[in-house]
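Q: The following comprises the amino acid sequence and a computationally predicted model.
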Number of protein chains: 2
Amino acid sequence: MAADSAPLANLIDQFERMPGIGRKSAQRLAFYILNLPREASKKFADNIIEACEKIRRCSVCCDLTDREQCPVCSSPSRDRSVLCVVEDPRDVSAFERTGEYKGLYHVLHGAISPMNGVGPEDICLRELVERLGDDTVKEVIMATNPTVEGEATAVFISKLIKPLGVHVTRLAYGVPVGSDLEYADEVTLSRALEGRREI
Amino acid sequence: MAADSAPLANLIDQFERMPGIGRKSAQRLAFYILNLPREASKKFADNIIEACEKIRRCSVCCDLTDREQCPVCSSPSRDRSVLCVVEDPRDVSAFERTGEYKGLYHVLHGAISPMNGVGPEDICLRELVERLGDDTVKEVIMATNPTVEGEATAVFISKLIKPLGVHVTRLAYGVPVGSDLEYADEVTLSRALEGRREI
């Protein structure tokens, strides 16, 4: 492949900018696109444009959706007294896959991280506080990631919203189901011991 | 993220079909696209369409290019008596990066692989034989991959073109520079011994 073939080089560059994609993968992906039938590559390009045009944030929970309100927020069967606060839209998918959770969500789109220049005003926190304005929500489950940033965000938000009279809870820490204790790190093990329950 | 948001689900599906991209990576890539500024995502889509429309095979060597003849074939400074036969356009880039090779290329776009239903008529072999029609080319370097398919293809082609009066050579086998002998496989080591040279 001649490196100075501009359209191909551009396409490879585009892929290389994506997260987790190096030069070699970018080449592989670009060649995959080139080898697609013409209609399929057109469809790919159209999908990108369509998704970017139609997908926006739910006006209630800030999750991504193609409607004014996301299906969870607009469902009459969800428990409106519980709110699960997550960092990322993908976390909503993860909870929905459990089939256990019947409450609503709130997507922060990030975690507070001063190191990366992300402050409380850069995540969807104002929207969360607004939702707690009436007395519908009784419990807020902080389901940010169990990382330093996620923890800090959970603590920050809990301090902010507790005065509004809601219960604030945090996901349980412990050993993941199906894992091998031998490989569990010390912090996780200590937390699992700490949170032990009678059986 | 609501799983039934069609434009997003479509975009994730598109990425998931790409080589080496699983469900999680596909989600990550789709979200990356959604988070791009509107012009950037439009540009991405345009790049896909432009590359697919403009990139075609060089009429001489079958490498991918956006012109009638690729820059290597149309360069007056290349040695037209040597032809390096490779499986893939990316292999051309690899040789060009060495800066050592001054001859021309021929891209097969695959290797003969009866297991995968790829026969001699499915790769750019006819084009290669046509190029050997006049007496310009004196040597053909078989630079197909050192895999079973690449080997078989090299042998097949060499048998086919030797009667045309060209020298057919094969890349040297041996231990890769900078590698650790301890980890070299037996076949590579035997080939390296076999091909040893005086120093």
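A: The structure has been received and is ready for your questions. What you see is a predicted model; the values in this text were computed from it and never measured.
Q: who's in contact with the lengthiest helix in chain A?
A: When chain A is parsed with DSSP state H, its longest helix is helix A:38-54. By CB atoms under 8 Å, 6 or more residues apart in numbering or on different chains, the surrounding residues in contact with helix A:38-54 are A:33-34, A:36, A:66, B:7-8, B:10-11, B:14, B:30, B:33-34, B:36, B:38, B:41-42, B:44-46, B:48-49, B:52. (Each C-beta comes from the backbone N, C-alpha and C, glycine too.)
Q: Please name the strands paired to the longest strand seen in chain A in the sheet, noting orientation.
A: For chain A, the longest strand by residue count, based on DSSP state E, is strand A:79-86. Strands that pair with strand A:79-86, judged by DSSP bridges, come out as strand A:103-107 (parallel), strand A:139-142 (parallel).
Q: if we can go back for a sec, can you tell me which helices and strands the next helix or strand after the longest helix of chain A packs against?
A: Where DSSP states H and E defines the elements, the next helix or strand beyond helix A:38-54 is strand A:56-57. Counting by 3 or more CB pairs under 8 Å, 6 or more residues apart in numbering or on different chains; DSSP states H and E, the packing neighbours recorded for strand A:56-57 are strand A:64-65.
Q: Any residue of the strand it packs on touching chain B?
A: Yes. Shown here: strand A:64-65 in contact with chain B (CB under 8 Å from any CB of the partner chain) through A:64-65.
Q: Now that strand: average pLDDT?
A: Over the span of strand A:64-65, the pLDDT mean works out to 92.
Q: cool, stretch A:97-116 as well?
A: What stretch A:97-116 shows for mean pLDDT is 92.
Q: Check stretch A:162-177 too.
A: For stretch A:162-177, mean pLDDT is 88.
Q: From one end of it to the other, what's the distance?
A: Distance across stretch A:162-177, first residue to last, is 31 Å (CA to CA, to the nearest Å).
Q: buried stuff in it?
A: In terms of neighbour count (16 or more other CB atoms under 10 Å in any protein chain shown), stretch A:162-177 has its buried residues at A:166, A:168, A:170, A:174-175.
Q: same deal with stretch A:116-134?
A: A:123-125, A:127-128, A:131-132.
Q: near chain B, anything from that stretch?
A: No. Stretch A:116-134 does not reach chain B (CB under 8 Å from any CB); its nearest approach is 13.4 Å.
Q: So which residues make contact with that stretch?
A: With contact meaning CB under 8 Å, 6+ apart, stretch A:116-134 is reached by A:57, A:60-62, A:83, A:85, A:106-112, A:137, A:140, A:153, A:156-157, A:160-161, A:164, A:166.
Q: Of these, keep whichever come out buried.
A: Among the contacts of stretch A:116-134, those buried by neighbour count (16+ other CB under 10 Å) are A:57, A:60-62, A:83, A:85, A:106-112, A:137, A:140, A:153, A:156-157, A:161, A:166.
Q: from the residues you listed, which ones fall inside helices?
A: Using DSSP H, the buried ones among the contacts of stretch A:116-134 in helices are A:153, A:156-157, A:161.
Q: Please list which of these are also close to chain B.
A: Within these, nothing lies near chain B by CB under 8 Å from any CB.
Q: Of those residues, which is the nearest to residue A:23?
A: residue A:153 (34.4 Å; CB to CB).
Q: In this structure that closest one contacts residue A:108, no?
A: Yes. Using CB atoms under 8 Å, residue A:153 is in contact with residue A:108, at 7.1 Å.
Q: what's the overlap in contacts for these two?
A: The contact sets of residue A:153 and residue A:108 overlap at A:87, A:123, A:144 (CB under 8 Å, 6+ apart).
Q: right, and the last one touches residue A:87 too?
A: In this case it means residue A:144. Yes. At 5.2 Å, residue A:144 and residue A:87 qualify as touching, with contact defined as CB under 8 Å.
Q: Compare those two (neighbour count), which wins?
A: Counted by other CB atoms under 10 Å in any protein chain shown, residue A:144 and residue A:87 do not tie: residue A:144 has more neighbours, with 26 against 20.
Q: Could I get the phi/psi values of that one?
A: Main-chain dihedrals, residue A:144, degrees, to the nearest 10: phi -70, psi 160.
Q: give me the number of residues near the closest residue to it other than its chain neighbours?
A: Distances taken as CB to CB, 6 or more residues apart in numbering or on different chains place residue A:150 nearest to residue A:144, at 3.7 Å, with adjacent residues excluded. Look at residue A:150: counted by other CB under 10 Å, it has 21 neighbours.
Q: And residue A:150, what's its pLDDT?
A: Residue A:150 is assigned a pLDDT of 91 by the prediction.
Q: same thing with the one 4 residues further on?
A: On the pLDDT scale, residue A:154 is placed at 93.
Q: which residues sit in contact with it?
A: Shown in contact with residue A:154 (CB under 8 Å, 6+ apart): A:85, A:142, A:144, A:170.
Q: tell me the mean pLDDT for stretch A:13-21?
A: Mean pLDDT, stretch A:13-21: 93.
Q: Export it to PDB, keeping only CA atoms.
A: Taking only C-alpha atoms (Å, rounded to 0.1, in the frame of the first residue of the first chain), the coordinates of stretch A:13-21 have been written out as PDB:
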ATOM      1  CA  ASP A  13      -5.600   8.100  10.800                       C
ATOM      2  CA  GLN A  14      -9.200   8.300  11.800                       C
ATOM      3  CA  PHE A  15      -9.200   4.800  13.200                       C
ATOM      4  CA  GLU A  16      -5.800   5.300  14.900                       C
ATOM      5  CA  ARG A  17      -7.300   8.200  16.900                       C
ATOM      6  CA  MET A  18      -9.900   5.800  18.500                       C
ATOM      7  CA  PRO A  19      -9.400   4.500  22.000                       C
ATOM      8  CA  GLY A  20      -7.400   1.300  22.200                       C
ATOM      9  CA  ILE A  21      -6.600   1.200  18.500                       C
END
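Q: hmm, that stretch touching chain B?
A: Yes. Interface with chain B: stretch A:13-21 contributes A:14, A:18-21 (CB under 8 Å from any CB).
Q: Show me which pair in those is furthest apart.
A: A:14 and A:20 (14.4 Å).
Q: If you count surrounding residues, which of those two has more?
A: Each of residue A:14 and residue A:20 has its neighbours counted (other CB under 10 Å); residue A:14 has more, 22 against 11.
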